[in-house]
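[1] Here is the input, now give the coordinates:
(one chain, ligands or ions: 2)
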Amino acid sequence: MLRGCTAGPPGPLRRALPAAKPAVRRRLRECAARIPEAGAVLDILEKCPESQRKGEFPVVVFEGLDATGKTTVTQSVKDALGAILLRSPPACISQWRTIFDEEPTPIRRAFYSAGNYILASEIAKASTQAPVIVDRYWHSTAAYTIATETAGNIQNLPPDHDAVYKWPEDLLKPDLVLLLTVSPEERARRIEGRGLEKTKEEAELEANSLFRQRYNLMKGRRREAVLVPVDSVTECLAYVTRTRIPISLHLVEVFLEKIQS
Ligand SMILES: Nc1ncnc2c1ncn2[C@@H]1O[C@H](COP(=O)(O)OP(=O)(O)OP(=O)(O)O)[C@@H](O)[C@H]1O
Ligand SMILES: Nc1ccn([C@@H]2O[C@H](COP(=O)(O)O)[C@@H](O)[C@H]2O)c(=O)n1
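    Ligands and ions are numbered 1, 2, ... in the order given. You can find the predicted model right below:
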């Protein structure tokens, strides 16, 4: 069983999920001799400005499991608002995903974490020009890491308020994060409908008993729409609500609900 990271030296989960940009850099540097693409990601990361202040426009992140509708919804919201749509990992490094997806967890997550920091500088710039809609960000990296690296049952998850749930202090924060959910049956139908295999990670997660327990818990707690009243994004939320898309919008919950803002 993996321990969390509340106290003492860094635990395995913290090693799997880098807490801040220096840890991401270190991890990529360590493997750059063996994986040249890690050096390339590092070069891009180093070129990003250290300070990433958000502009005056709202930044809304959409999260959710595969096939919950992120691509569809983010595209609609972008069109409706004249927003800028960004996704994680960002286009400038996504060509190397397949390489890192085959690597052990610490290297794989360093890649996605680096992607989040690179994306942050894109968000900072874009949010000075228009509202920004983001398809996946830090919650995906954290939730998938915690889910895949914690074995056994729910009790094995790090306790509430563990540092692993904390938004990294040096990563630009969005104004709002929405978690899209659909029923497991509808999600299975959609995955089948688009003729794609589940990703390797999705298949692993579904075989993982902890994930199933959390997922079932989530089913029992499904609510209609929980929207955070943040004035700057009400237009975006109103659009999503008006279209009556058959999905529920939730604040990030289950794994994600513990993440402190
Ligand atoms: N509101 C909806 N009602 C019915 N079908 C939908 C809805 N939204 C999306 N779909 C369908 O579900 C499938 C998955 O949608 P989409 O690609 O938007 O999900 P996603 O969350 O971006 O998935 P991934 O993370 O795997 O890229 C697509 O075939 C899409 O047409
Ligand atoms: N910020 C992110 C984004 C993605 N991931 C990983 O990618 C997988 C899902 O990506 P899709 O393109 O299929 O939506 C997901 O399983 C995560 O492993 C991430 O860690 N962090």
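
[2] What residues of the longest helix anywhere in the chain count as buried?
    Secondary structure of the chain per DSSP state H: the longest helix is helix 105-126. For helix 105-126, the neighbour count (16 or more other Cβ atoms under 10 Å) marks 105-124, 126 as buried. Quick note: C-beta positions are derived from backbone N, CA and C, even for glycine.

[3] And stretch 75-89, by the same measure?
    76, 77, 78, 80, 81, 83, 84, 85, 86, 87, 88, 89.

[4] For residue 74, pull up the helix or strand it's in.
    helix 70-81 (DSSP states H and E).

[5] could you give the mean pLDDT of that helix?
    For helix 70-81, the mean per-residue pLDDT is 87.

[6] what helices or strands is it leaning on?
    strand 59-63, strand 84-87, strand 132-135, helix 234-242 (3 or more Cβ pairs under 8 Å, 6 or more residues apart in numbering; DSSP states H and E).

[7] Run through the neighbouring helices and strands of the third one.
    I take that to be strand 132-135. Partner elements for strand 132-135 (3+ Cβ pairs under 8 Å, 6+ apart): strand 59-63, helix 70-81, strand 84-87, helix 105-126.

[8] Which neighbours in the sheet does the shortest one have, and how are they oriented?
    The strands beside strand 84-87 in its sheet (DSSP bridges) come out as strand 132-135 (parallel).

[9] Check the first one too.
    Strand 59-63 pairs in its sheet with strand 132-135 (parallel), strand 176-181 (parallel), by DSSP bridges.

[10] Ligand 2 contacts on the stretch 51-200 of the chain?
    Applying Cβ under 6 Å from any ligand atom, we find that the stretch 51-200 of the chain lies next to ligand 2 at 66, 88, 89, 112, 115, 116, 136, 137, 140, 141, 144, 199.
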